[in-house]
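Visitor: Provide a 3D model corresponding to the input given below.
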Amino acid sequence: QVQLVESGGGLVQAGGSLRLSCAASGRTFNMYHMNWFRQAPGKEREFVASISRNGGEIYYAGSVKGRFTISRDNTKSTAYLQMNSLKPEDTAVYYCAAGWTRVSYDYWGQGTQVTVSS
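Guide: Sure thing, here's the model as predicted:
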């Protein structure tokens, strides 16, 4: 089992940047695909980005492609989401999730709030 803790959220003006981190416990971090999701008020949770175990495969939602960058450091058991050119519609609680496969989400963090002001 793995425990995930997100950090790095906050309040930023439109056009600004934030870097989210997802720190994982345990020594099996490199066995998991890592993902970022977000959930805005009144909306369903949506996929943002994913990265494979070794970082060789990366996927983005169309709404963030070109602005967000997912990465991971297996030596630090941490995944990251660099968010640039933020828009008010990016406001949401951001969650990281770890999965045994690219499309499974077996473990979730508690989320970190990102608020983008116009």
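
Visitor: Residue 64: what's it in contact with?
Guide: Contact analysis of residue 64 by CB atoms under 8 Å, 6 or more residues apart in numbering lists 48-49, 83, 90. Glycine gets a C-beta too; all of them are placed from N, C-alpha and C.

Visitor: Using the three-state scheme, assign it.
Guide: coil (DSSP: H, G, I helix; E, B strand; the rest coil).

Visitor: Could you shift the numbering so residue one becomes 42, and keep it that way?
Guide: Happy to do that; since the first residue is 42 now, the last one works out to residue 105.

Visitor: What values do phi and psi take at it?
Guide: phi -120, psi -10 (degrees, to the nearest 10).

Visitor: wait, what's in contact with the residue of the chain positioned farthest from its centre?
Guide: Each residue of the chain has a distance to the centre, and by CA atoms, centre = their mean the biggest one is for residue 159: 22.3 Å. With contact set as CB under 8 Å, 6+ apart, residue 159 has these partners: 55, 129.

Visitor: Next one: it relative to residue 47, how far apart?
Guide: Distance, residue 159 to residue 47, using CB to CB, to the nearest Å: 24 Å.

Visitor: With residue 104 instead?
Guide: For residue 104, the distance to residue 47 - CB to CB - is 20 Å.

Visitor: Neighbour count for those two, which is higher?
Guide: The residue with more neighbours, out of residue 104 and residue 47, is residue 47; 22 against 15, by other CB atoms under 10 Å.
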